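> Mind looking at a prediction? Sequence and model below.
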Amino acid sequence: QVQVVESGGGLVQTGGSLELRCVASGRAFEYYAMGWFRQAPGKEREFVAAIDWTGTNTYYRDSVKDRFTISRDNAKNLVSLQMSGLKPEDTAVYYCAPRTIDIDSDYSRQGQYSYWGQGTQVTVSS
């Protein structure tokens, strides 16, 4: 089992930057791909970014490509999401989770992730 705690959210102006952190505890963290998802008010949770267990391959939703960067440090059980060029539509609660079901190459399916954290709020003002 893995427990995760997200942090780093806050209020930022359009065009600003934030770095979200996800610290995991529990066994075998380094063998899981990790994902970031977000949920805006009144909307369903959606995929943002993912990184495989080696840190070699990363995946992003189209709207955040070239603005967000996901990375991991397995020695520290840490996954980060560096966000720049933030827009009001990025406002949401951001969650990280390990990808516990690894059956295909589609990292965007949230049904393949478990042990969700409490999330961290990101608010981008216009």
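Great, that's in hand. Because the structure is predicted, anything quoted here is derived from the model rather than measured.
> Quick check: which element contains the most centrally placed residue in the chain?
Ranked by distance to the mean C-alpha position of the chain (Cα atoms, centre = their mean), the top residue is Trp36 at 1.9 Å. Taking DSSP states H and E as the criterion, Trp36 maps to strand 33-39.
> So which bits of that strand are buried?
Buried positions in strand 33-39, judged by neighbour count with 16 or more other Cβ atoms under 10 Å: Ala33, Met34, Gly35, Trp36, Phe37, Arg38. Quick note: C-beta positions are derived from backbone N, CA and C, even for glycine.
> try stretch 73-86
Residues of stretch 73-86 classed as buried: Asn77, Val79, Ser80, Leu81, Met83, Leu86 (neighbour count, 16+ other Cβ under 10 Å).
> Tell me which of those fall in strands.
In strands, defined here by DSSP state E, the members of those are Val79, Ser80, Leu81, Met83.
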